[in-house]
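A.B. asks: Provided below are the primary sequence and the corresponding predicted coordinates.
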Amino acid sequence: MREALFYTKEDQGRVTCGLCRFRCTIHEGKRGICGVRENRGGVLYSLVYGKAVAEHVDPVEKKPLFHFLPGSRSYSVATVGCNFRCFHCQNYSISQPSREGAVPGGQLMPGEIVARAQASGCRSISYTYTEPTVFFEYAYDTAVLAHRAGIRNIFVTNGYITTEALSFIRPFLDAANVDLKGFSDRFYREIVGAELLGVLDCIRDYKRLGIWIELTTLIIPGLNDSDEELSAIARFIADEVGVETPWHVSRFHPTYRLTDRPATPVSTLRRARQIGIAAGLRYVYEGNVPGEGGENTYCPGCREPLITRYGFAIEESAVINGKCPECGHALDGVWE
């Protein structure tokens with residue numbers, strides 16, 4: 001347990017958390033919407049500091065990040081908790097813990113995470129699986145030590161952190177994959193439990209602060225798969241984030257509280273990819289459909305195929321120092 005950052009004390013023993021865009025006002029003895037920040041005697045505490053519930057060595061492509069140190073490994077760590085309530089969460093068993101009682105997790109302190117990342121040959125540490133915003137203090141202390149050791153830091157996030165918190169960790173945060181789950185207020189309210197505008201503003205913050213970002217949209221049949229919605233996402237990325245921003249359009253599989261929908265047809269992913277390309281995006285990738293061909297990277301200059309992937313594995317790469325060997329065009333991203 002650790003005293004939280006980004007909160008203010010209010011009257012009657014209440015506190016207001018300023019870590020995410022919900023900005024919860026929390027009464028004595030209660031927790032915020034994330035379930036892992038608790039008001040004890042007018043002091044806000046993180047209940048998950050040093051309490052990892054998952055850790056694994058992953059290919060960085062699994063985040064997914066295709067333009068950030070491709071082919072490298074990322075030490076991935078999570079605590080329980082999330083500030084969203086997505087009906088289709090694939091990690092619901094750890095993202096949606098009980099809001100009462102002891103918080104699960106085994107002790108794993110920041111220095112040990114960095115040591116394990118070094119020992120396993122990882123070039124980055126990913127704060128992932130649940131929502132890194134809600135274990136911010138833990139992630140921040142780890143990220144500082146990681147940078148000292150020459151290891152990069154990645155958030156895999158729902159994009160609801162406040163501007164002040166993101167700015168605070170900015171010197172130590174190198175990349176992020178942000179979920180842009182849809183492009184309608186109704187979808188975010190009913191399926192996610194948040195507000196679309198907050199996510200869009202957060203994505204703008206990542207871009208403004210110079211953090212490398214890639215965006216992911218899990219396409220759910222009948223909920224966010226219309227041409228209109230996909231086109232709106234593509235236009236937002238092109239106009240406000242940049243055509244150099246990779247967009248991952250991924251296949252949905254029924255899970256958790258959303259089991260009345262079929263898996264996303266591959267044809268829908270192909271349609272989404274074409275919509276993104278038509279909007280001017282340089283890199284649009286199909287996810288969760290290994291071997292379909294939509295995972296490969298092409299030179300935005302001459303369209304030469306440069307990286308061939310199968311799932312999270314790179315089968316062949318012709319990229320030399322971040323450039324196309326055919327025309328010399330520099331690829332967007334972080335290659336070294």
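C.D. replies: Sure thing, it's come through. Numbers count the residues shown, from 1 in each chain.

A.B. asks: where do the strands sit along the stretch 1-150 of the chain?
C.D. replies: Remark: strands assigned in the stretch 1-150 of the chain by DSSP state E, counting those that start in this stretch are 2-3, 7-9, 15-17, 25-26, 37-40, 43-46, 51-52, 54-59, 73-78, 106-107, 124-127.

A.B. asks: how near is the residue lying closest to I314 once chain neighbours are set aside to D201?
C.D. replies: Of all residues not flanking I314 in the chain, G71 sits nearest, at 4.9 Å (CB to CB, 6 or more residues apart in numbering). Bear in mind the C-beta positions are built from the backbone N, C-alpha and C, glycine included. Distance from G71 to D201, counting by CB to CB, to the nearest Å: 33 Å.

A.B. asks: how about V319?
C.D. replies: In terms of CB to CB, V319 sits 33 Å off from D201.

A.B. asks: compare those two (neighbour count), which wins?
C.D. replies: Between V319 and D201, V319 has the larger neighbour count (other CB atoms under 10 Å), namely 18 against 15.

A.B. asks: what helix or strand is E214 on?
C.D. replies: Element membership for E214 (DSSP states H and E) is strand 212-219.

A.B. asks: would you map the helices across the stretch 151-300 of the chain?
C.D. replies: Ranges of helices in the stretch 151-300 of the chain, per DSSP state H, counting those that start in this stretch, are 163-169, 185-187, 196-208, 227-236, 266-278.

A.B. asks: kindly export the first one (C-alpha atoms) in PDB.
C.D. replies: Backbone C-alpha positions of helix 163-169 (Å, rounded to 0.1, in the frame of the first residue of the first chain) are rendered in PDB as follows:
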ATOM      1  CA  THR A 163      -3.500  15.400 -18.500                       C
ATOM      2  CA  GLU A 164      -1.600  16.200 -15.300                       C
ATOM      3  CA  ALA A 165      -0.900  12.500 -14.500                       C
ATOM      4  CA  LEU A 166       0.200  11.700 -18.100                       C
ATOM      5  CA  SER A 167       2.400  14.800 -18.100                       C
ATOM      6  CA  PHE A 168       4.000  13.700 -14.800                       C
ATOM      7  CA  ILE A 169       5.100  10.300 -16.200                       C
END
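
A.B. asks: list the buried residues of stretch 302-316.
C.D. replies: Under the neighbour-count criterion of 16 or more other CB atoms under 10 Å, stretch 302-316 has L306, I307, R309, F312, I314 buried.

A.B. asks: these two touch, right, the third one and G293?
C.D. replies: Spelled out, it's R309. No: in this structure, R309 is not within contact of G293 by CB atoms under 8 Å, at 9.5 Å.

A.B. asks: before we move on, the earlier item: nearest to G301, out of the strands of the stretch 1-150 of the chain?
C.D. replies: Closest approach to G301 among the strands of the stretch 1-150 of the chain is made by strand 54-59 (26.6 Å; CB to CB).

A.B. asks: quick check: mean pLDDT of that closest one?
C.D. replies: Mean pLDDT, computed over strand 54-59, is 98.

A.B. asks: same thing with stretch 83-103?
C.D. replies: Averaged across stretch 83-103, the pLDDT comes to 92.

A.B. asks: buried residues, it. List them.
C.D. replies: Buried residues in stretch 83-103, counted by 16+ other CB under 10 Å: 83-84, 86-89, 91-92, 94-97, 103.

A.B. asks: filter those residues down to the ones in helices?
C.D. replies: Cross-referencing the buried residues of stretch 83-103 against helices under DSSP state H gives Y92, I94, S95.

A.B. asks: okay if I get those as TSV plus distance to V77?
C.D. replies: Formatted as TSV, these follow (distance: CB to CB, whole Å):
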residue	distance to V77
Y92	18
I94	12
S95	14
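
A.B. asks: closest to R208 out of the residues you listed?
C.D. replies: Closest to R208 out of those is S95 (27.8 Å), distances taken as CB to CB.

A.B. asks: next one: that closest one relative to D58, how far apart?
C.D. replies: Going from S95 to D58 by CB to CB gives 17 Å.

A.B. asks: burial measure for the closest residue to D141 other than its chain neighbours, as a count.
C.D. replies: With sequence-adjacent residues excluded and distances taken as CB to CB, 6+ apart, D141 is closest to P110, at 4.5 Å. Counted by other CB under 10 Å, the residues lying close to P110 total 21.

A.B. asks: which residues touch P110?
C.D. replies: Shown in contact with P110 (CB atoms under 8 Å, 6 or more residues apart in numbering): G50, Y138, D141, T142, V144, L145.
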